[in-house]
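>>> One predicted model, sequence on top.
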Amino acid sequence: MSAPKGVSELSPPAGERPGDAAASRAATKEAGTPDRRRRRERRRGWVTITLFLLPALVLFCLLVLAPIVIAAYTSLFKWNGLGGLPTDFVGLDNFVRLFEDKVFLGDLQRGLILIVLSLVIQLPLALAIALLLNQRMRGRALYRVVFFAPYVLSEVITAVLFTMVFSPTRGLANHILSLVGLDNLAATWLADPSLVLYSLFLVMTWKYFGFHMILYLAGRQGIPKELTEAAEIDGASGWKAFWYVTLPLLGPTIRISVFLAVIGAIQLFDLVWVLTEGGPIHGSETMAVTMFQQGFKRYQVGYANAISVVMVLISLVFALGYQRYVLRRDTEGAITVMRDQR
Amino acid sequence: MTGRSARAKAPGRRPGARFRGLILHAIVIVLGAFIVVPIVYGVLGGFKDNAQLTANPFGLPSPWVFSNYTDLFVSSSFWRPLGNSVLIGVSTTLLVVSVSALAAFVFARFAFRGRELIFTLFSVGLMFPFAVAILPLFILLRTFGLLDNPLGVILPQAAFGLPVTIIVLRTFFRSIPREVEEAATLDGCTAYGFFWRILLPMARPALATVSVLAIVASWNNFMLPLVVFNDPDLWTIPVGVQQFQGQYSDDTARVLAYVVLAMLPALGFYSIAERHLIGGLAAGATKG
């Protein structure tokens, strides 16, 4: 993030700031000395800017920024969330408590496992399928629709469906295992603390891998044909062409998809809440779930808000660091907005 | 997996290619089954009774039981959340798109001090899901008396939808050539006239895309309606599904029928708006 700059290349010419091209040029039709005219333009520009920007700014400050500021403030108190403002100031005690809390430390560990699994299994799978579907093959359009369909379903619907799939008695998972003679692998997928995180990851893959696949397909189609053809003429085929041509050219897309997967894992809530509520014995609990439990079930609002603050910080630090060190090579990266101004 | 180019039918095809093609097909089919089978299990399960589900979770129902679906069709436990979701989704979308269009116009075509700072503020908002703000949001809405009120969901949803909507629209507004604006101005158009009569009509594809994104986000939102609506009459589809599952936890077949019905609007909408949804995700991801 850099300091505001007056005019960007794409904005109206520098001579006319502040104010906009349309309004100022409309004003030139009116009589008046240049000085008075400029003052009027300037005023009119600011009025337009304010009027157009105000609704968004009010909505955003009141309902996005203010809650986050309130969260940061109340995280310094011991507070049950009732009554007016909190009074029982405890400084950073909530944060100290967080990092002694086994559940929260477990959240961090589980989050990390989900991220690693996503990066090592889910994304490469999505990439592979995207490249496959980019080729001419029968039924390609149908496969695309099928793979993407779960992404359209809400987390809740997905989770409810999979509680049924994983049900020990009427569920699909164990039934299929017994059909193929693997009865001894049948399990209580969502009730076994050592297994539940992987069941959760399976559901995440089911739901999200189509999304990443679509990103990769879009990225692959953005690569000019000439480049892959040139590589082929130069004798690069198969793995070579993939490794030296396609993969590097897909770099920006991959970096974005990694970014989204990590942020998504940090903020995971809906799926877990409906699937397991974080159980059994915190086996599938995420930061957001702990926060929700503490805030809405145990009325430890101050403590819960400390978790929110840590979530924001982790997301922001990751986002800014990622952008600074990973996305900087891309001409158009994720959160380019922040880059745009450099 | 493979590095072969799209020109798989090129003359110099190696002998192993046919075999490899088969393997690739097999992989895609297995993965497709992984996606489809749970859905088919749900659809068929809705036509069974629980005894059938226990004996034979997968496979055709015998006999077919229609009551799970038909019961839902005549009860309000499905239609009411559906109506609420539509109402809330449409209102949220109208609000966030109109407010964002105004802001994106200013960000795209005006130069003023502090513009990039404010814009950065919005774009940082991309990092904030409901989860991190839900508690104070709940307390704020309680203070304003907006609990158990559709506005308590619509307004925050619109607010949280602002960043991605503004970013996509600004990018699009910037791509409209300055000549268009100059021509309009020469013809006597004010900034407002240009925005309303020229920019918005030209931006119709972008508006469609962000509308689809907004309505899908609203449709799938769970956390906010969960904490804001105590009154079952106000529940949206996700909350309805979750509560229904809690209520009928022993009646798997009935829950499956509800889940399948709840899938239909989303899948139907997807089939209509597919192009805009996918385009929007790609734009939202790369530009936002």
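That came through, no problem. Remember, it's a predicted structure, so these values are computed and weren't measured experimentally. Numbering: from 1, shown residues only, chains lettered A, B, ... in the order given.

>>> Show me what residue of chain A gets nearest to chain B.
For chain A, the residue closest to chain B is A:Phe242, as judged by CB to the nearest CB, at 2.7 Å. For glycine as for every other residue, the C-beta is placed from the backbone atoms N, C-alpha and C.

>>> where exactly do the helices run in the stretch 101-250 of chain A?
When assigned using DSSP state H, counting those that start in this stretch, the helices of the stretch 101-250 of chain A occupy the ranges A:102-117, A:123-134, A:140-152, A:155-165, A:172-179, A:196-221, A:225-233, A:238-241, A:247-249.

>>> Dump the ones you listed into a markdown table; add distance to B:Ala262, mean neighbour count and mean pLDDT as well.
Rendered in a markdown table, the data for the helices of the stretch 101-250 of chain A read as follows (distance: least, CB to CB, whole Å; neighbours: other CB atoms under 10 Å in any protein chain shown; pLDDT from 0 to 100):
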| stretch | distance to B:Ala262 | mean neighbour count | mean pLDDT |
| --- | --- | --- | --- |
| helix A:102-117 | 26 | 17 | 94 |
| helix A:123-134 | 26 | 22 | 88 |
| helix A:140-152 | 12 | 18 | 85 |
| helix A:155-165 | 6 | 26 | 91 |
| helix A:172-179 | 19 | 18 | 82 |
| helix A:196-221 | 15 | 22 | 90 |
| helix A:225-233 | 42 | 14 | 79 |
| helix A:238-241 | 44 | 15 | 76 |
| helix A:247-249 | 39 | 14 | 84 |
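
>>> Serialize these to CSV and add fields for distance to B:Leu264.
Formatted as CSV, the entries for these read as follows, by distance: least, CB to CB, whole Å:
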stretch, distance to B:Leu264
helix A:102-117, 30
helix A:123-134, 26
helix A:140-152, 11
helix A:155-165, 10
helix A:172-179, 20
helix A:196-221, 18
helix A:225-233, 39
helix A:238-241, 43
helix A:247-249, 39
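
>>> closest one to B:Leu24 among the ones you listed?
With CB to CB as the criterion, B:Leu24 lies closest to helix A:123-134 of those, at 5.6 Å.

>>> That closest one vs helix A:140-152, what angle?
Compare the direction of helix A:123-134 with that of helix A:140-152 by axes from the mean of the first three to the mean of the last three CA atoms, to 10 degrees and you get 150 degrees.

>>> contact partners of helix A:123-134?
The list of residues contacting helix A:123-134 from outside it, by CB atoms under 8 Å, 6 or more residues apart in numbering or on different chains, reads A:140, A:143-144, A:147, A:205, A:209-210, A:212-217, A:220-221, A:242, A:246, A:250, A:254, A:257-258, A:261, B:1-3, B:6, B:24, B:27-28, B:31.

>>> surely A:Phe292 meets B:Ile134?
Yes - the pair A:Phe292 / B:Ile134 is scored as a contact, 7.3 Å apart, by CB atoms under 8 Å.

>>> circling back to that earlier point, distance of the residue of chain A closest to chain B relative to A:Phe209?
A:Phe242 sits 19 Å away from A:Phe209, taking CB to CB, to the nearest Å as the criterion.

>>> which residues of chain A score low on pLDDT?
Applying pLDDT under 70 to chain A flags residues A:1-34, A:329-342.

>>> Show me the strands in chain A, by range?
Across chain A, reading from the start of the chain, the strands by DSSP state E fall at A:19-20.

>>> Centroid-nearest residue for chain B?
Closest residue to the average C-alpha location of chain B: B:Val216 at 1.9 Å, with CA atoms, centre = their mean.

>>> Mind giving me the packing neighbours of whichever strand or helix holds that one?
Taking DSSP states H and E as the definition, B:Val216 sits inside helix B:204-220. Secondary-structure packing of helix B:204-220 (3 or more CB pairs under 8 Å, 6 or more residues apart in numbering or on different chains; DSSP states H and E): helix B:76-109, helix B:151-175, helix B:252-287.

>>> Make CSV out of these and add mean neighbour count, mean pLDDT and distance to A:Val47.
Supplementary listing: the helices and strands packed on helix B:204-220 in CSV, determined by neighbours: other CB atoms under 10 Å in any protein chain shown; pLDDT from 0 to 100; distance: least, CB to CB, whole Å:
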stretch, mean neighbour count, mean pLDDT, distance to A:Val47
helix B:76-109, 21, 93, 12
helix B:151-175, 24, 92, 20
helix B:252-287, 20, 80, 29
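
>>> Nearest to A:Thr228 among those would be which one?
Comparing the helices and strands packed on helix B:204-220 against A:Thr228 with CB to CB, the closest turns out to be helix B:252-287 (20.2 Å).
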